[in-house]
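In: Give me a 3D structure for the following:
(one chain, ligands or ions: 3)
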Amino acid sequence: MTVARVIVDVPSRDTDRTFDYLIPDRLKGWVEIGSRVAVPFGPRKLQGIVTGLADDADVEYTKLKPIDDLLDAIPPLSKELITLGEWISKRWLCPLTIVLQAMLPAALKGRSEKYVFPAEGAQWSDEETAQSGGLLLAFKKGEPLKLTWLLQQFPEQGDLLKRWLRQGRLEERQKVEDRLSVKTVQTVFPSEPAMLLQAIEQLPVRAHKQREVLLYLAEHNEPLAVLKLTEAVATTSSTIRSLAERGWIEIRSITEDRDPYANRDFPATAPMKLTPAQSDVLTPIQSALDQGGNETFLLHGVTGSGKTEVYLQAIQRCLELGREAIVLVPEIALTPQMVERFKSRFGARVAVLHSRLSQGERYDEWRKIREGRAQVAVGARSAIFAPFASIGLIVIDEEHETSYKQEESPKYHARDVAVERARLHGAVVVLGSATPALETYEAAAHGGHETGLGDTIYLSLPERVANRPLPGVSIVDMREELKLGNRAMFSRPLADAIRDRLEKQEQMVLLLNRRGYATFVMCRSCGYTAACPHCEISLTHHKGSQNLRCHYCGYAEVEPKTCPSCESPHIRFFGTGTQKVEESLAETFPGIRVIRMDVDTTTEKGSHEKWLTEFRERRADVLLGTQMVAKGLDFPFVTLVGVLAADAALRLPDFRASERTFQLLTQVAGRAGRHELPGEVIIQTYDPEHESITSVQGHDYNGFVERALVLRKQLGYPPYGRLISITFSHESVPMLLSTGERFASGMREKAAALGIRNDFDRGERTALEVLGPVSSPIARLKDRYRFQCMVKYRGDVDASLLVSQALEEMGEAVKRNGVLVSVDVDPQMML
Ligand SMILES: Nc1ncnc2c1ncn2[C@@H]1O[C@H](COP(=O)(O)OP(=O)(O)OP(=O)(O)O)[C@@H](O)[C@H]1O
Ligand SMILES: [Zn+2]
Ligand SMILES: [Zn+2]
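Out: Ligands and ions are numbered 1, 2, ... in the order given. Modelled structure (predicted):
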């Protein structure tokens, strides 16, 4: 092959196509589909990814420029991932380069030199050394060598070099990683116990602390981090250092492995003996795996029904068949507890990918996958791009979670990507949830094809393991509480239950549903509310910094003491934050031990883990938090779940608001009574008759869903129709209106030309309707007004294509006027 088709890394519509480059002789055999290259582009040098190879070019040969450089020896992307990327780019109307960049670990994005060196412990026979034509000798000094230099020096040895890199005997590293990596830890190496006891004799009488340290080390005679030792003995590092100066202990810096789980023991677990219900759902999954069939299953299992054990045993079968598995979990459920369950079963074969890893750590895990050292990838959304070669199984836990849809470009949904990637690999998909998304449920229960999921097989685990009952749920009407004179945050039944658990030394989870329930400022005299001057949304009160802030643009102002509008002093901060609940708990229940988990307390690396361990070890009575306490946690002593402000998110202008509320409440209720002790759930609400809330009480997923589906059908909303939202933003409203109108009429003409009607009601199979332009729910953002059009369609029409054509036709004018356009295919957030 002499020509490479390259997607350059400029995310715009004009460059969203391949450009041809010559492959220079020295790079022949090295440039492959999926290679990252440096290329000249006009006056600039750009990075690009090779998406195709050819023997002839689209333009005249003589006009082709050669590729400047190859950026990695082994292509970071595979042919299959490029194909998947092309599909994503079409499906969600997003430039291909943005999709491909999203597939690469961040550490790989820089353009830094690559170095090659022998892997630790790698050996070569004399014969191989002789064959290598000096290549291996070049490594003799043990120093990494530049990839570009090697390619020039050993043009004949390319194949060997490549083979050894693929086998992992040679390793490829880049500078960026060196910069990121190697963390060193000051570690104490104690002498023999006998020596230490002798040393104690020699200490001055008053050196209590030093004596304690030496005693401790005599007892625990093994290397220990200085920090750990100071904690264990409650002393300072200078005490320890003075012992080192006298030669009784030694302090050395040792490099810490970046694998955040590497230094932890995971006691190995054997597969559990399945319950009959678990076996019944595992059997069809395993036989699909055995037959190499490309099937999608919905595993609908109530909370605590043992879905995870089913995943584990399905993965085991997949590995036995010599194939690889991806497990997706929502970012906030990617807790150490979850990771532990996979690590204990499959050990070092598991790679973990999540956003709390540093760039270097993520890159390490990614390489483990690509080099075949790991066969199971557990991670959040983007782990769907794990660079495996032969995927047998993709599991998506809590498949209804909105976090599987990326809100910024590329706006893909990991569930749909999973189904497509599984198709490319002939793999099995298992979508698990106690509260499946309506789209998934519809596809599985009624074979709905509008969902894009295709045929989905419905499996169910309707009961908890070991006949444990689902917790009893009671609903407290907060309006009644107010009538009875209770203005506190906790209703009487909840307060009583909390007291009861404190007495019994059992544990509690309290959820504050804060979405749509921001802490805003309102004047009780005149009704003034503080809003951002640049965006049409209310400002949020931040207690720590005593200011009001806009969550969208970052605008901040000092908190007012009197109303800026009428000067009344009765200006109040409304709404409840977790911090306020924590204070109120402390006042109402003196001595109560509370762990608060929200964005403020979990930003620090490892903090999640710390809080959960503390709670598991029963060093706290209450785990209080936002959405992040609702999922995946399994604590035996939790017998009470309380929900404050259950209805806070019901009024959001989003047709999924009630589905989301139902899901959240069911999930958090599922944290109670998962082991021997029975559980109880108390939900506080101002809207006790709302179906989202009453259905949680009856554990009635199917009833809730069937009723919700009737409504969706009437409105033509998903899963009976699909949506594309197009948002235009500009400083001028008239400009927006005319742009929006032009788009809407363009779309209508296109649909009409295809004979597609725009009325949804008459039950025609194919329909398309354009709604808007209307002002967006967030009407102004950063001084730009926002209008949106919604395309609603169903049946046999490629609406994404029509939208991109309509936008293309308006392209020039829109660009000239500075209107920004953003497209969201299958939007999950209507705000
Ligand atoms: N076959 C089994 N025998 C005994 N215990 C089991 C079995 N399967 C699962 N369990 C236990 O039951 C509890 C609940 O299981 P698990 O956490 O897998 O449920 P889940 O369906 O994933 O729940 P959720 O959706 O609420 O996270 C766990 O403590 C698990 O160890
Ligand atoms: Zn006022
Ligand atoms: Zn703002």
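In: what does the chain have sitting close to ligand 1?
Out: 272-275, 278, 301, 303-309, 434, 465-466, 632, 634, 670, 674 (C-beta under 6 Å from any ligand atom). Placement of C-beta: from N, CA and C, glycine included.
In: how about low-confidence regions in the stretch 651-800 of the chain?
Out: 651-653, 761-763 (pLDDT under 70).
In: Can you name the residue of it nearest ligand 1?
Out: Minimum separation of the stretch 651-800 of the chain from ligand 1 (C-beta to the nearest ligand atom) falls at Gly670, amounting to 4.4 Å.
In: Could I get the full set of strands for the stretch 201-350 of the chain?
Out: Along the stretch 201-350 of the chain, the stretches classed as strands by DSSP state E, counting those that start in this stretch are 224-225, 249-256, 296-301, 324-328, 350-353.
In: Run through the neighbouring helices and strands of the third one.
Out: Think strand 296-301. Helices and strands touching strand 296-301, by 3 or more C-beta pairs under 8 Å, 6 or more residues apart in numbering; DSSP states H and E, are helix 276-290, helix 307-320, strand 428-433, helix 438-445, strand 456-461.
In: repeat for the fourth one
Out: In terms of contacts (3+ C-beta pairs under 8 Å, 6+ apart), strand 324-328 is packed against helix 307-320, strand 376-379, strand 391-396, helix 414-425.
In: Go again with 7 Å.
Out: On a contact count with 3 or more C-beta pairs under 7 Å, 6 or more residues apart in numbering; DSSP states H and E, strand 324-328 meets helix 307-320, strand 376-379, strand 391-396.
In: mind checking how far it is from the chain centre?
Out: Offset of strand 324-328 from its chain centre (C-alpha atoms, centre = their mean, to the nearest Å): 14 Å.
In: sorry, back to before: rebuild the strands of the stretch 201-350 of the chain as CSV, extending it with distance to ligand 3.
Out: Shown next, in CSV, are these (distance: least, C-beta to the ion, whole Å):
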stretch, distance to ligand 3
strand 224-225, 45
strand 249-256, 42
strand 296-301, 41
strand 324-328, 33
strand 350-353, 33
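In: Assign a three-state SS to Leu46, would you?
Out: strand (DSSP: H, G, I helix; E, B strand; the rest coil).
In: Kindly report the same for the one 4 residues further on.
Out: Three-state assignment for Val50 (three-state DSSP): strand.
In: Bridged to it, which residues?
Out: Val50 has these beta-bridge partners by DSSP bridges: Val6.
In: Name the nearest residue to Ala383, ignoring sequence neighbours.
Out: Distance criterion C-beta to C-beta, 6 or more residues apart in numbering; nearest residue to Ala383, sequence neighbours excluded, is Leu353 at 4.5 Å.
In: Count the residues that sit near the residue nearest to Arg671 when sequence neighbours are not counted.
Out: Leaving aside its chain neighbours, Arg671 sits nearest to Val509 (5.0 Å; criterion: C-beta to C-beta, 6+ apart). The tally of other residues near Val509 (other C-beta atoms under 10 Å) stands at 26.
In: Quick check: Val509 vs Arg5, distance?
Out: To Arg5, Val509 is 54 Å away according to C-beta to C-beta, to the nearest Å.
In: how about Leu723, what does it touch?
Out: Neighbouring residues of Leu723 by C-beta atoms under 7 Å, 6 or more residues apart in numbering: Met790, Val791, Lys792, Asp826, Pro827.
In: ok but the second one is inside a strand, no?
Out: So the one you mean is Val791. Yes. Counting by three-state DSSP, Val791 is part of a strand.
In: My guess is it contacts Val770. True?
Out: Yes. Using C-beta atoms under 7 Å, Val791 is in contact with Val770, at 5.6 Å.
In: Are there residues contacting both of these two? Which ones?
Out: Contact criterion C-beta under 7 Å, 6+ apart; residues shared by Val791 and Val770: Met747.
In: Contact partners for the residue nearest to Ala383?
Out: Arg362, Glu365, Ala377, Gly379, Ala383.
In: before we move on, back to that, of the strands of the stretch 201-350 of the chain, which shows the lowest average pLDDT?
Out: Among the strands of the stretch 201-350 of the chain, strand 249-256 has the lowest mean pLDDT, at a mean of 73.
In: what's the neighbour count on Asp687?
Out: Look at Asp687: counted by other C-beta under 10 Å, it has 17 neighbours.
In: meant to ask about Lys483, not that
Out: Lys483: 9 neighbours (other C-beta under 10 Å).
In: so what's it up against?
Out: Here Lys483 is in contact with no residue (C-beta under 7 Å, 6+ apart).
In: What separation is there between it and Val226?
Out: Taking C-beta to C-beta, one finds Lys483 at 61 Å from Val226.
In: what does Arg501 give?
Out: Distance from Arg501 to Val226, by C-beta to C-beta: 40 Å.
In: can you check Glu659 too?
Out: Taking C-beta to C-beta, one finds Glu659 at 52 Å from Val226.
In: just Asp364 next, same as before
Out: For Asp364, the distance to Val226 - C-beta to C-beta - is 25 Å.
In: More neighbours: those two, which one.
Out: Asp364 (21 against 17).
In: is it true that that one lies in a helix?
Out: Yes. Assessed with three-state DSSP, Asp364 lies in a helix.
In: one step back: please identify the deepest-packed of the strands of the stretch 201-350 of the chain.
Out: Of the strands of the stretch 201-350 of the chain, the one with the most neighbours on average (mean count of other C-beta atoms under 10 Å) is strand 324-328, at a mean of 28.
In: Could you list the residues in contact with that one?
Out: By C-beta under 7 Å, 6+ apart, strand 324-328 touches 311, 315, 318-319, 342, 375-381, 383-384, 386, 388, 390-397, 414.
In: Show the buried residues in those residues.
Out: Taking 16 or more other C-beta atoms under 10 Å as the criterion, what is buried in these is 311, 315, 318-319, 342, 375-381, 383-384, 386, 388, 391-397, 414.
In: what does the stretch 401-550 of the chain have sitting close to ligand 3?
Out: Residues of the stretch 401-550 of the chain found near ligand 3 (C-beta under 5 Å from the ion) are Cys532, His534, Cys535, Cys550.
In: what about the third one, is that helix, strand or coil?
Out: Spelled out, that is Cys535. Per three-state DSSP, the local secondary structure of Cys535 is coil.
In: quick one: it and Asp783, what's the gap?
Out: With distances taken as C-beta to C-beta, Cys535 is found 8 Å from Asp783.
In: which of those two has more neighbours?
Out: Comparing Cys535 with Asp783 by other C-beta under 10 Å, the one with more neighbours is Cys535, at 21 against 12.
In: now the stretch 301-450 of the chain, which segments are flagged as low pLDDT?
Out: For the stretch 301-450 of the chain, applying pLDDT under 70 flags the ranges 333, 448-449.
In: For ligand 2, what's its nearest residue on it.
Out: Nearest residue of the stretch 301-450 of the chain to ligand 2: Glu407, at 35.7 Å (C-beta to the ion).
In: what's the neighbour count on that residue?
Out: The burial count for Glu407: 11, using other C-beta under 10 Å.
In: Go ahead and confirm it touches Met829.
Out: Yes. If you go by C-beta under 7 Å, Glu407 and Met829 touch, sitting 6.5 Å apart.
In: joint contacts of the two?
Out: By C-beta under 7 Å, 6+ apart, no residue touches both Glu407 and Met829.
In: Could you tell me which residues make contact with Met790?
Out: Neighbouring residues of Met790 by C-beta under 7 Å, 6+ apart: Leu723, Ser725, Leu771, Gly772.
In: Reformat the residues you listed as a markdown table; add secondary structure.
Out: Listed next are the contacts of Met790 as a markdown table, based on three-state DSSP:
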| residue | secondary structure |
| --- | --- |
| Leu723 | strand |
| Ser725 | strand |
| Leu771 | strand |
| Gly772 | strand |
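In: Cool, thanks, talk later.
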